[in-house]
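Student: Could you look at this predicted model? Sequence included:
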Amino acid sequence: MAKNDPPSAEIIRRGFGTRLRGLRRARGWEPKQTAARLDILYHRYMKYEEGLREPPFWLLVRMARLYGVTTDFLLMGAEGENQDIPLSKLET
């Protein structure tokens, strides 16, 4: 977690990584194949799955298109999944 991140930022990153891993596994893809499909390095992709990095906007959109989901789903999950995080904690 970065020094200035609110406590919930780490929760969002980990949830994002978990959803990303689940989508990849549901398709039977290996991490290296997925990274190649996204045209990024394998090690960078793994940091997203592990919840250690946040993708730039352009990559978030590319991931959503690859998996056929919305960016909102990738970031926040199913409706209501992360609704208990107050917006004030998300602001920096």
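Tutor: Received the coordinates, thanks. It should be emphasised that the depicted structure is a prediction, and the values quoted were computed from it without experimental measurement. Residues are numbered from 1 along each chain as shown.
Student: following the longest helix seen in the chain, which helix or strand comes up?
Tutor: Ranked by residue count under DSSP state H, the longest helix found in the chain is helix 7-26. Moving toward the C-terminus from helix 7-26, the next helix or strand (DSSP states H and E) is helix 31-38.
Student: Give me the residues contacting that following helix.
Tutor: Under the contact criterion CB atoms under 8 Å, 6 or more residues apart in numbering, helix 31-38 has outside partners 24, 29, 41-42, 44-46, 49, 59, 62-63, 66. Where you see a C-beta, it was placed from the backbone N, CA and C, and this is true even at glycine.
Student: List the contacts of stretch 57-72.
Tutor: Contacts for stretch 57-72 (CB under 8 Å, 6+ apart): 20, 23, 27, 34, 37-40, 55, 73-75.
Student: Please indicate which of these has the highest neighbour count?
Tutor: When neighbours are counted by other CB atoms under 10 Å, Thr34 leads these with 24 neighbours.
Student: That residue and Tyr67: what is the separation?
Tutor: Going from Thr34 to Tyr67 by CB to CB, to the nearest Å gives 9 Å.
Student: now do Gly15
Tutor: With CB to CB as the criterion, Gly15 and Tyr67 are 15 Å apart.
Student: Looking at Met1 now. What's its pLDDT?
Tutor: Reported pLDDT at Met1 in the predicted model: 48.
Student: again, but for Thr92
Tutor: 42.
Student: Equivalent analysis for Lys47, please.
Tutor: pLDDT, Lys47: 96.
Student: Listing request: residues of this protein with sub-threshold pLDDT.
Tutor: Where the chain drops to pLDDT under 70, the residues are 1-7, 79-92.
Student: and if we set it to 50?
Tutor: Residue ranges of the chain with pLDDT under 50: 1, 80-85, 87, 89-92.
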